[in-house]
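# here is a sequence together with a model predicted from it:
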Amino acid sequence: GQNIDQPTEMTATEGAIVQINCTYQTSGFNGLFWYQQHAGEAPTFLSYNVLDGLEEKGRFSSFLSRSKGYSYLLLKELQMKDSASYLCAVVYAGNNRKLIWGLGTSLAVNP
Amino acid sequence: GAGVSQSPSNKVTEKGKDVELRCDPISGHTALYWYRQSLGQGLEFLIYFQGNSAPDKSGLPSDRFSAERTGGSVSTLTIQRTQQEDSAVYLCASSPGPTETQYFGPGTRLLVL
């Protein structure tokens, strides 16, 4: 199958660092997206990884290991507004090139 | 520029009625997706249009659901004989091409009484 696995919920403290993991089936892998979704709103794009390594964008970074079928989203200097669901989605070749979505990780940032 | 727009933003209907949900993608985007999301749940893929190719309907939950995309732009998702379990947020997304970043509309919140 093409299951995408993420933790269901995470809690962190304002100002801290949190890492949200995502694992996936490696066969046919063709790229990985991270999206942020605030409650009651639509998902918004955060990052895209297709090569191994770390992509940094301000307080957010995303890492990919293709051989391990593993990615993480790293959020630094957490703010209350970072409380949201974080969705991992993978593109598989031959799957009509549509995304396979994880169920999302609900992050609660506490003061 | 303008993002993806959807209408209506909210729809309340009675069980058994038909509903039509509209999506206006970003101009020039060839790929268009419909998803469904129930409260607190993940995204459920429904249907995908890419250019002039036949749509990928593999996610449609029953034959009561159908969608079309006219002229490679606007799309309409139709749910016939609505059931209470159809209540959800219906999200539309478009992307410049397949496998590229998807941009989501604000969604239509459907409530079937």
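Sure thing, it's come through.
# for residue 104, give me its contacts.
Since you didn't name a chain, this refers to chain A. For A:Gly104, the contact set (Cβ atoms under 8 Å, 6 or more residues apart in numbering or on different chains) comprises A:Gln6, A:Gln37, A:Ser85, A:Tyr86, A:Leu87, A:Cys88, B:Gly42. Using the backbone N, CA and C atoms, a C-beta is placed for each residue, glycine as well.
# nope, chain B please
By Cβ under 8 Å, 6+ apart, the neighbours of B:Phe104 are A:Ala42, A:Pro43, A:Thr44, B:Val4, B:Leu91, B:Cys92, B:Ala93.
# closest to A:Thr26 among those residues?
The nearest member of the contacts of B:Phe104 to A:Thr26, counting by Cβ to Cβ, is A:Pro43 at 24.1 Å.
# pretty sure that closest one sits against A:Tyr35.
Yes: taking contacts as Cβ atoms under 8 Å, A:Pro43 lies within contact range of A:Tyr35: 4.0 Å.
# intersection of neighbour lists for the two?
Joint contacts of A:Pro43 and A:Tyr35 (Cβ under 8 Å, 6+ apart) are A:Leu87.
# still on that earlier bit, out of the contacts of B:Phe104, which are buried?
A:Ala42, A:Pro43, B:Val4, B:Leu91, B:Cys92, B:Ala93 (16 or more other Cβ atoms under 10 Å in any protein chain shown).
# give me the beta-bridge partners of the last one?
Just to be clear, that refers to B:Ala93. Per DSSP bridges, the residues bridged to B:Ala93 are B:Tyr33, B:Phe104.
# ok, it - contacts?
Contact analysis of B:Ala93 by Cβ under 8 Å, 6+ apart lists B:Val4, B:Leu32, B:Tyr33, B:Tyr35, B:Gln102, B:Tyr103, B:Phe104, B:Gly105.
# then the second one?
For A:Pro43, the residues meeting the contact criterion (Cβ under 8 Å, 6+ apart) are A:Tyr35, A:Gln36, A:Gln37, A:Leu87, B:Leu43, B:Leu91, B:Phe104.
# what's the closest of those residues to A:Asn49?
For these, the nearest to A:Asn49 is A:Tyr35 (12.9 Å; Cβ to Cβ).
# now the contacts of B:Ala93: which count as buried?
B:Val4, B:Leu32, B:Tyr33, B:Tyr35, B:Gln102, B:Tyr103, B:Phe104, B:Gly105.
# correct me, but the first one touches B:Ser27?
It stands for B:Val4. No: at 10.4 Å, B:Val4 does not count as touching B:Ser27 under the criterion of Cβ under 8 Å.
# where in chain A is pLDDT low?
For chain A, the stretches flagged by pLDDT under 70 are A:1, A:95-97.
# can you give me the strands for it?
A:4-5, A:9-13, A:18-24, A:29-37, A:44-49, A:53-57, A:60-65, A:70-75, A:84-92, A:99-101, A:105-110 (DSSP state E).
# of the ones you listed, flag the one that's most buried.
Most buried of those, by mean neighbour count (mean count of other Cβ atoms under 10 Å in any protein chain shown): strand A:84-92, with a mean of 23.
# chain center to that strand, what's the gap?
5 Å (Cα atoms, centre = their mean, to the nearest Å).
# ditto for stretch A:83-97
The answer for stretch A:83-97 is 9 Å, by Cα atoms, centre = their mean.
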